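Participant: make a model of this:
(2 chains)
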Amino acid sequence: MYPETDRYSKEHEWFRLEGDSCVVGITDFAQDELGEVVFVDLPEVGSTFEAGDEIGTIESVKAVSEIYTAVGGEVTAINEALTDAPEKVNEDPHGDGWLVRFKLASPSDLDGLMKAAEYEEFTRNG
Amino acid sequence: MTYVGATEMGVWLSVIVTLLMTSDDLRRTPLHAAHLAAKGRMVPFAGWEMPVQYSGVMDEHRAVRSAAGLFDVSHMGEVRVTGAGAEAFLQHLTPNDVSKLAPGRIHYSALLTRRGTYVDDLLVYRLTEDEFLLVVNAANLEADFEWIASQAPDGVTVEDVSARYALLALQGPMAETILKQLTETELAKIRYYRFRRGRVAGVRALISRTGYTGEDGFELYVAPERAEALWRAVMEAGSGHGLVPAGLGARDTLRLEAGMALYGHELDDATTAWEAGLAWTVKMDSGDFIGRAALAAARESRPSKKLAGFEIRGRGIARAGCVAFGAGREIGRVTSGTFSPTLERALGMAYLAPGWDEVGRAFEIDVRGRRLPAEVVELPFYKRA
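Facilitator: Numbers count the residues shown, from 1 in each chain, chains lettered A, B, ... in the order given. Have a look, this model is predicted:
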């Protein structure tokens, strides 16, 4: 059920390589655990992060979660639509509910991440 | 993504904690199978495995406001107090006036320390002249029972009868319409905070017109072995009326909109009824109850904090434990905070220094290092029409 082309972190985020940039979102498993998302706080375009940094937060009715990036680089775009329609994260977490686009500093950051089947296994076993 | 936030009512334990705790450590209500069948998401709460949500907190919340929701609250504790001296004992033990409570009636009251602060809040049911049922918070049941039993005089019997009851709460404007199909008891004659005994779907029940949502509704006390049959019958009777199963998540957002206190959040052993806005539950002329002297003294001095409702005037949610700031200094602490599904904004309750609790007063709340603008608003946030 998870897109084969993407890579996945233990923090339940997905990373999609597109040329020299990488799109980041949270997984369907993550949005389901969180419940209805009501606020999404994203970093400013132009800011830079290292792999492992916190880049924002997602608030649902029941809890707040920090978003961590597994890749480093400069933020080239954020999903502005989430300001008015945070529910997109629930409705289409692997598509319209994307969060941030990075210009990758080092494509090898993706190497340690899980493939779709591994991630699915990971969510089953915790 | 990492779950850092917690946590209304302590319900929202992180995924990790959930996985580490085996279900063997937790007690299950008689409705456990019904919750799994309804795809309830089970979480640990006060030592119980309880449904936090089914379809989603917002959906369930809105269903209760517009139609009806059915909650399993069997984790609540019940303590039976009987004997010729039961009324006099409870008059001494609790701050509300038990002498004015006729059989068939219920009132909201508390167990207080000698300092006038909260051991727990509770409902008192007068079953008969000499027989009472106290309904207490699950997390406090053991401590409450020991405290009550230790205070009881000769001739008064105190029993923990929690295992004899399952408790279903049917809440929402359609509650009476739904329940009417299942009982011959004249529900229209049961007024708010009264109860009758009757049969619902053939199951003997204590039918109580009470709830914790700010809506009309009923709470049904039944034998555990009949709970699942009753649950199914009520769900079926409500199928054409918008009834949904509702979990602890919606219960919390509903009670918060209704401005109702939750023990461990708005109430604790460092808080008095004066501070919590619960003066109406304390009858100072009802004899010498435990905590009365301290409350009388406290009434003469300015309280150090006052419970206030607030709304966030920005993006973000202030949750329990967040610190409030005014004029550059710390002025209080958030006790409960959430996103209100009805009003569609972030709101909550906080204890604020005197003066800061006035409606319209602007202040700030620190949320993970960021100061969110907030404003004091009238409680409750929501009142049914």
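
Participant: mind checking the SS state of the residue in the stretch 151-300 of chain B that chain A sits nearest to?
Facilitator: Residue nearest to chain A within the stretch 151-300 of chain B (Cβ to the nearest Cβ): residue B:249, separated by 5.6 Å. (Glycine included, C-beta is placed from N, CA and C.) Secondary structure, DSSP: H, G, I helix; E, B strand; the rest coil: residue B:249 is helix.

Participant: the residue nearest to it when sequence neighbours are not counted: how many residues sit nearby?
Facilitator: Among residues not flanking residue B:249 along the chain, residue B:57 sits closest, at 4.0 Å (Cβ to Cβ, 6 or more residues apart in numbering or on different chains). Residue B:57: 27 surrounding residues under other Cβ atoms under 10 Å in any protein chain shown.

Participant: confidence score at residue B:57?
Facilitator: Model confidence at residue B:57, given as pLDDT, is 96.

Participant: same question for the one 5 residues further on.
Facilitator: Per-residue pLDDT puts residue B:62 at 98.

Participant: backbone phi and psi for it, please?
Facilitator: Main-chain torsions, residue B:62, degrees, to the nearest 10: phi -70, psi -30.

Participant: how close does the residue nearest to it when sequence neighbours are not counted get to residue A:115?
Facilitator: Leaving out its chain neighbours, the residue that sits closest to residue B:62 by Cβ to Cβ, 6+ apart is residue B:341, at 5.8 Å. For residue B:341, the distance to residue A:115 (Cβ to Cβ, to the nearest Å) stands at 38 Å.

Participant: what separates the closest residue to chain A within the stretch 201-350 of chain B from residue B:380, distance-wise?
Facilitator: Closest residue of the stretch 201-350 of chain B to chain A, Cβ to the nearest Cβ: residue B:339 (4.4 Å). Computed with Cβ to Cβ, the distance linking residue B:339 and residue B:380 is 16 Å.

Participant: cool, residue A:66 as well?
Facilitator: Counting by Cβ to Cβ - residue A:66 and residue B:380 are separated by 32 Å.

Participant: quick one: contacts for residue A:18?
Facilitator: Neighbour list for residue A:18: empty [criterion: Cβ atoms under 8 Å, 6 or more residues apart in numbering or on different chains].

Participant: quick check: residue B:286 touching residue B:91?
Facilitator: Yes - in this structure, residue B:286 is within contact of residue B:91 by Cβ atoms under 8 Å, at 6.2 Å.

Participant: run the chain-centre distance for stretch B:239-254.
Facilitator: Its chain's C-alpha centre and that of stretch B:239-254 lie 15 Å apart, by Cα atoms, centre = their mean, to the nearest Å.

Participant: stretch B:33-49 now?
Facilitator: Distance, stretch centre to chain centre, for stretch B:33-49: 18 Å (Cα atoms, centre = their mean).

Participant: quick revisit: correct me, but the residue nearest to residue B:62 touches residue B:64?
Facilitator: No - counting by Cβ under 8 Å, residue B:341 stays clear of residue B:64, with 9.7 Å between them.

Participant: so those two - more neighbours on which side?
Facilitator: The neighbour comparison of residue B:341 against residue B:64 (other Cβ under 10 Å) goes to residue B:64, with 34 against 22.

Participant: would the more buried one count as being in a helix?
Facilitator: Yes - counting by three-state DSSP, residue B:64 is located in a helix.

Participant: for the residue in chain A that chain B sits nearest to, give its distance to residue A:35.
Facilitator: Proximity of chain A to chain B (Cβ to the nearest Cβ) peaks at residue A:64, 3.4 Å away. Distance of residue A:64 to residue A:35, given as Cβ to Cβ: 12 Å.

Participant: mind listing what's buried along the helix or strand hosting residue B:363?
Facilitator: For residue B:363, the host element (DSSP states H and E) is strand B:362-367. The neighbour-count check on strand B:362-367 (16 or more other Cβ atoms under 10 Å in any protein chain shown) flags B:363-365, B:367 as buried.

Participant: near chain A, list only the ones from these.
Facilitator: Checked against chain A using Cβ under 8 Å from any Cβ of the partner chain, the buried residues of strand B:362-367 give no members in range.
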